[in-house]
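Student: need a 3D model of the sequence below.
(one chain, ligands or ions: 3)
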Amino acid sequence: MDGFSTENHLYKNIQKKLKKELDKKRYVHTMGVAYTALNLAMAHGEDLGSAYLAGLLHDNAKCLSSKEKLSLCKKHGIKPNEAEAENPDLLHAKLGAALAKDRFEIEDGAVLSAICYHTTGKPDMSTLEKIVYIADYMEPNRRMLPGLPEIRGMAFKDLDQTMTKILENTLSHLKNKKIMIDPLTQETWDYYKTR
Ligand code: DGI
Ligand code: FE
Ligand code: FE
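Tutor: Residues are numbered from 1 along each chain as shown. Ligands and ions are numbered 1, 2, ... in the order given. The predicted structure is shown next:
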């Protein structure tokens with residue numbers, strides 16, 4: 001984006017709100033994702049402002065209680081599926097997109113979609129959607145996961161190959177922990193396992 005600056009009032013105002021609404025750890029993670037998304041956008045020719053904005057807002061709904069998440073979802077017409085009913089934390093992605101529009105006045109559909117799909121992914125993602133999904137996994141404050149150094153290098157070269165690797169790790173983690181796999185996570189894996 002021409003004239004992009006992290007000091008732009010749009011971003012600074014959002015940052016101020018997030019600092020109040022998120023706990024310390026989540027705020028530090030959020031800034032890590034925003035900067036990582038910015039760097040991935042540079043590497044892959046994506047719009048810097050869109051990547052930074054989506055990174056900043058991706059977890060805006062994360063620190064609400066399950067009860068608050070469920071009641072805000074109802075208000076915004078988001079119906080929890082079976083996996084989301086069992087683990088309402090999953091709803092922070094879809095709800096985050098609704099609140100980014102409603103409370104943070106973001107109208108850019110590409111940014112809202114990147115927020116919406118940052119947890120499950122979806123088949124055939126846009127470059128921006130992949131950047132936010134990947135930045136969420138690899139940002140520098142994330143605790144060390146197996147294969148992370150390799151993923152961090154790969155992400156600046158090949159987004160699809162990086163999606164495959166992250167999904168492989170995520171699916172195996174969810175299966176080990178016997179957590180119900182969201183149908184969309186499964187569809188995303190089925191799509192990216194052969195990329
Ligand atoms: O919000 P973050 O912690 O930064 O990361 P995230 O948005 O990827 O959310 C991670 C959480 O989502 C973690 O608790 C595992 C859960 N999750 C991811 N995919 C699935 C899932 N939970 C279920 N039930 N099913 C999934 O497919
Ligand atoms: Fe998240
Ligand atoms: Fe996150």
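
Student: ligand 1 contacts on the chain?
Tutor: Among all residues of the chain, those adjacent to ligand 1 (criterion: Cβ under 6 Å from any ligand atom) are 29, 59, 62, 83, 87, 89-90, 93, 118-120, 136, 170, 174, 179-182, 185. For glycine as for every other residue, the C-beta is placed from the backbone atoms N, C-alpha and C.

Student: SS state for the residue most central in space within the chain?
Tutor: Centrality entry for the chain: nearest residue to the mean C-alpha point is H118, 3.1 Å, by Cα atoms, centre = their mean. Three-state assignment for H118 (DSSP: H, G, I helix; E, B strand; the rest coil): coil.

Student: how near is it to H29?
Tutor: In this structure, H118 and H29 are separated by 12 Å, where distance is defined by Cβ to Cβ, to the nearest Å.

Student: about what we covered before: show me the contacts for the residue nearest to the centre of the chain.
Tutor: For H118, the contacting residues are A54, H58, A93, G96, E129, V132, Y133, D136, taking Cβ atoms under 8 Å, 6 or more residues apart in numbering as the criterion.

Student: now do the contacts for the last one.
Tutor: Which is D136. When contacts are taken as Cβ under 8 Å, 6+ apart, D136 is in contact with V33, H58, H118.

Student: ditto for the fourth one
Tutor: By Cβ under 8 Å, 6+ apart, the contact list for G96 reads L57, H58, D59, N60, A61, K62, I115, C116, H118.

Student: same question, the second one
Tutor: Contact analysis of H58 by Cβ under 8 Å, 6+ apart lists T30, V33, A93, G96, A114, I115, H118, V132, D136.

Student: nearest residue to the third one in space, please, no chain neighbours.
Tutor: The spatial neighbour of A93 that comes closest, neighbours along the chain excluded (Cβ to Cβ, 6 or more residues apart in numbering), is T119 at 4.1 Å.

Student: spell out which parts of this structure neighbour ligand 3.
Tutor: Counting by Cβ under 5 Å from the ion, the residues of the chain lying close to ligand 3 are D59, D136.

Student: how about the strands in the protein?
Tutor: Secondary structure of the chain (DSSP state E): no strands present.

Student: that one: helices as residue ranges?
Tutor: For the chain, applying DSSP state H gives helices covering 9-21, 24-44, 48-57, 66-75, 82-86, 92-102, 109-116, 127-138, 148-154, 159-176, 183-192.

Student: most tightly surrounded among those?
Tutor: Using mean count of other Cβ atoms under 10 Å, the stretch among the helices of the chain with the greatest mean number of neighbours is helix 48-57 (a mean of 26).

Student: brilliant, that's me finished.
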